Structure formats: C-alpha cells, structure tokens
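# Turn this into a model:
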Amino acid sequence: MKFSKKQDCAHCELKCDIYSTLLHTDQASEYNAPVHAQLKKHDVICKQGTEVSHALFLTKGSAKLYIEGLNNRNIILYILKPPAYIGLLSFFESPRYSYSVSALEASEICLIELDLVKKLYIENHDLLLCLNKAFGKSVAMIMQKIISLNQKQIRGRIAENLLYLADIHQSTTFHVQLTRKEIGEMAAISEENTVRLLTEFSRENIIATNGRTIEILDMSLLKKISEVG
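Purely as a prediction, here's the structure:
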C-alpha cells in the first residue's frame, strides 16, 4: 500500500459526503491534506481484529469484504465498488474490525480521521442520514447473506451469487476479478464444488465461461434456481 497526501479532494471525481459536508462548515481546514492510498491486487485494506482508526472511502478499483473463519475458510459477504465507504459497520460500535477487506485489483482509497467523521456525524443531519443509509444497505446485504447460507442448497447459492455479480457489473457478460475459490467463498462452499457447479451450469446452457469471463445465457432459469435454492 502506497500512501500520499498530494491528492486534492477538490479535483476528485468521486467526492464523498464527508468532504461535501466539510465545505459547508468552519472545519474545512481540517481536511486540507487527506491521506490517499494506492493498493495493488490482494493488498489488505483493513484486517479483522485490528483497531479502527480511520473512515475509508473507495475511489477506484474493487474490494471484497469477508469474515476470516477457522482453517483459512473465509466467507465473502459482498463486493465493494466505488464510490463506497469501507468499515462503516465498525465506525461507532466496535474499536476493532470484525471483518477484513482486501483489494481485488489495483485500487485507491482515501483515509479520513475517524474523530472528525464522528464529530461531523453528530453535528450534521444530512451527513447522518447519508451514512445511516449506507450503513443500512450494508446490514441488509449481510442479513440476506445469512438467509441464503442458512436456507439455500449450494446450487441456489451459486446461482444467487452469479446474479449478484451480473448486477454489480450491470451486464449479463462480465469479467470477474474473483478466483473460483473466492466465488466459492461467496457461497460458503469449497473450490471443488464451485468448479463442479459452474461446469454443470455450462453443460445445462445456463451460463458460458471463458477463463474469468462469465456470460449468463438463461437469466430466467438462473433466477428460478436461486429462488428455489
């Protein structure tokens, strides 16, 4: 991870709600030199169990948010794409991260002092609503993941995650940064079962695969498999 303070928020295309809020307060001077970080693929952005010190904002690339389980068995909760806050679930409740986040490709983040965010959150109603909305979205996605892992069979889980990947790429044909092992971690199944199920879906003409490029051929059937689990 490479850090820099040369990034100017005024020229950033993805201005976060925190910066927009500061422009309308007398605390703008406190935000003149944000810390900007450039990450390589696989770089850890935040580590499960470590102390929360900053609010993190993803401005470029993509990342996975996951729980580190026993025996290196992880569960990926969801994928982050810009613009996205990282670590909202740990901003105010826990002094330590209860999950990890790592870059799926070359990415960039901004690091904002947590004390400043907390102060603005309390004092500014608009920022409170924006962060609460983002927090609520994160919680809803985790709740849906719990339901899926608890109630769906593995075919339904893989189907659901293929639909999820198509949605975040906004296309039925997409190149995934995830390995087959990581696709399995989204559904809490082994890499071997993931490969087997993707092969089955290909043979059934539900999807077509070419390396890491996946094309959904039968969206209605894939949705049906996801629904019935």
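
# pLDDT value on the residue most central in space within the chain, please?
Closest to where the C-alpha atoms of the chain average out (CA atoms, centre = their mean) is residue 80, at 2.4 Å. At residue 80, the pLDDT value in this model is 95.

# Strands along this protein, start to end?
2-4, 35-39, 44-46, 54-60, 63-68, 74-80, 84-86, 100-103, 107-113, 173-175, 207-210, 213-216 (DSSP state E).

# Name the residues of the first one that are buried.
Neighbour-count burial for strand 2-4, counted by 16 or more other CB atoms under 10 Å, picks out no residue. Quick note: C-beta positions are derived from backbone N, CA and C, even for glycine.

# Now that strand: average pLDDT?
So the average pLDDT for strand 2-4 ends up being 75.

# now swap in the fourth one and tell me
Per-residue pLDDT values over strand 54-60 give a mean of 91.

# go on, the last one?
The average of the pLDDT scores along strand 213-216 is 98.

# And residue 3, how far from residue 205?
Distance from residue 3 to residue 205, counting by CB to CB, to the nearest Å: 48 Å.

# My error: substitute residue 159 in the last question.
Taking CB to CB, one finds residue 159 at 14 Å from residue 205.

# ok, those two, which is more surrounded?
Between residue 159 and residue 205, counting by other CB atoms under 10 Å, residue 159 is the more crowded of the two (27 against 10).

# Run through the bridge partners of the residue nearest to the centre of the chain.
residue 63 (DSSP bridges).

# Contacts only, for residue 117.
Taking CB atoms under 8 Å, 6 or more residues apart in numbering, we find residue 117 in contact with 18, 55, 91.

# Who are the packing partners of the worst-scoring helix or strand of the chain on mean pLDDT?
Across the helices and strands of the chain, mean pLDDT, DSSP states H and E gives its lowest value to strand 2-4, namely a mean of 75. Helices and strands touching strand 2-4, by 3 or more CB pairs under 8 Å, 6 or more residues apart in numbering; DSSP states H and E, are strand 35-39.
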